[in-house]
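# What follows is a predicted structure for the sequence shown.
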Amino acid sequence: MSVKKSAKLDLLVRVRYSNPLPPPPCPPKLLDIPTNPMRYARSEFLDAVAGELPLPMIVDAECGMPLDLGHWESLWEEGADDSKINPDPHNLPPLDPKDAFLLADPSSSTFSNGHQSGPATPASAPSIGSVTWLRKTEYLSRDNSQRIGVHEAKQAPTAIVDVSRNAQIAAIEASFKASNDDFTLETLRHPNDPHLTAVESYPVLPDADIWANQYDLFRFTERPGDRVNDVEDERLDCAVLRPMRTEYDSFLAYYLTKDDNDALDMKHARASLQPYEVPDEQEETIFRFVRDYETVKVEQEVPNEFLLVLHDGDSEHDNDDPFGESIKPPPREKAAYYKNIERKMLLKKKRQNAYEQYDDKWEVIRVKYAPMSKEEEEERQDALAEVADPMYLFNRDADGEVEVDDGAGAAPPITSQDIF
């Protein structure tokens, strides 16, 4: 017995037959209705109505609540009476009856459009504005019980915080005591791996030796220079980055020494000299142009990255200042010395353009040590005073400028330089 199967063939693209309607037998009729343009009203017709409607807009710069800080002497004078801003909790000043409604619970408030419709009690029914429209009534009793519980929790007494100057000093001293007197290495654990324990503790202090310098962090998308990654390159530690600018672009020119011996000689000379010391006889170091780099990303503020040096302390430390005896760096002790980073940049190779021309391109840079100018010495002393002078903050105003008397002359301006 044979069974005959019928195969259904489906087309890949179905054919759709359209049946368009025929066009109308006659063209559309345009009716001309004469209208006097004077019947239309101008926009100035609503100016009177707009002027009579008050706008709920606060145009006062102080939002209707002027605050004069000059009435509280304790904010500006040390040792002044601060009882007005920090009153005694056992002897509070009397409350003005006009401000009594401010202490009421907003959830149980019965004020509507600035008028009170009845006594405000914690267990009162919710206002009409707080109930959803067409809401089922069986949920209202549950909301009332939850609001009563929240109101009782808000009525719990809160701890009174003393914000006086003496209390703040005591809190700061207590933090030092917790970090020094009651400190043990056995109690420290790594935040991510609890099995790791601390083996040494260092106090974190600013590095006064290099605080006057400015440091930028440069990161390259690939290793600079003309050597492969497996070959050590001593020249990368003393490269030169020179900012360049054309009519349409700005970039950095990268320079390296010819070989490793020149780089090693320069690093050895720097290590044998004291900071800011200029030798009498010196040889110039020649840097040759390698290529141009362009900036991919620039971070003007780097709050979470620092230069950190772990120092175990010296028995004898040379504390002489080469620029005078006005400001001296603190003695070198056992600590972790840090210096902030001014900027962080990501660099990549700049594509060479044969049609791009600029006149100040240098193929060779000859580097020698030179004494600092008077302006540079003053700028260094001012930057070093931030960590060496205990009265640094008291001698500056809100803008960071030095406060001097009229007869003492003006202070030198504080400028910043980009060091590459």
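That came in fine, so what should we check first?
# confidence score at residue 13?
Looking at residue 13, its pLDDT is 65.
# what ranges of the protein fall below the confidence cut-off?
Residues of the chain that meet the criterion pLDDT under 70 lie in 1-15, 57-59, 107-157, 178, 182, 315-331, 396-420.
# So in it, which strand runs the longest?
Longest strand of the chain, by residue count under DSSP state E: strand 285-299.
# how far is that strand from where the chain is centred?
27 Å (Cα atoms, centre = their mean, to the nearest Å).
# Confirm for me that residue 209 is in contact with residue 276.
No. Residue 209 is beyond contact range of residue 276, at 10.7 Å (criterion: Cβ atoms under 8 Å). Heads up, the C-betas are built off the backbone N, CA and C, glycines and all.
# circling back to that earlier point, neighbouring contacts of the longest strand of the chain?
Residues from elsewhere that reach strand 285-299 (Cβ atoms under 8 Å, 6 or more residues apart in numbering): 220-221, 224-226, 238-241, 244, 249, 251-258, 262, 265-266, 343-350, 352, 361-368.
# so what strands line up beside the helix or strand following it?
Toward the C-terminus, strand 285-299 is succeeded by strand 306-311 as the next helix or strand (DSSP states H and E). Each strand that pairs with strand 306-311, with its direction, by DSSP bridges: strand 335-340 (antiparallel).
# For the partner strand, give me every contacting residue.
202-207, 209-211, 213, 215, 302, 306-311, 313.
# among these, which ones are buried?
Among the contacts of strand 335-340, the ones that count as buried by 16 or more other Cβ atoms under 10 Å are 205, 206, 207, 210, 211, 306.
# Which ones among those residues lie within strands?
205, 206, 306.
# Tell me if I'm right that the second one and residue 387 touch.
Yes. Under the criterion of Cβ under 8 Å, residue 206 is in contact with residue 387, at a separation of 4.4 Å.
# now the strands: where do they sit in the stretch 51-200 of the chain?
Counting by DSSP state E, counting those that start in this stretch, the stretch 51-200 of the chain has strands at residues 111-112, 115-116.
# how about the helices in this protein?
For the chain, applying DSSP state H gives helices covering 47-52, 140-154, 165-180, 260-272, 374-388.
# what's the spacing between the residue nearest the centre of the chain and residue 341?
When Cα atoms, centre = their mean is applied to the chain, the residue found nearest the centroid is residue 301 (6.7 Å). Separation of residue 301 from residue 341 (Cβ to Cβ, to the nearest Å) stands at 10 Å.
# what does residue 350 give?
Distance from residue 350 to residue 341, by Cβ to Cβ: 24 Å.
# same thing with residue 395?
In terms of Cβ to Cβ, residue 395 sits 26 Å off from residue 341.
# what's the answer for residue 215, then?
6 Å.
# which residues do the two both contact?
residue 307.
# who wins for proximity to residue 38 among the helices of the chain?
Proximity to residue 38, assessed across those by Cβ to Cβ, is greatest for helix 47-52 (18.8 Å).
# Please write out the alpha-carbon positions of the closest one in CSV.
In CSV, the C-alpha atoms belonging to helix 47-52 read as follows (Å, rounded to 0.1, in the frame of the first residue of the first chain):
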residue,chain,number,x,y,z
ASP,A,47,0.3,91.5,28.3
ALA,A,48,-2.2,92.8,30.8
VAL,A,49,-3.3,89.3,31.7
ALA,A,50,0.3,88.2,32.2
GLY,A,51,1.1,91.3,34.3
GLU,A,52,-1.7,90.5,36.7
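# In that helix, which residues are buried?
Residues of helix 47-52 include none that count as buried (16+ other Cβ under 10 Å).
# again with stretch 380-393
380, 381, 382, 383, 384, 385, 387, 388.
# With distance to residue 337 as extra columns, can I get those in TSV?
Shown next, in TSV, are these (distance: Cβ to Cβ, whole Å):
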residue	distance to residue 337
380	18
381	20
382	20
383	16
384	14
385	17
387	10
388	13
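# Good, we can wrap up now.
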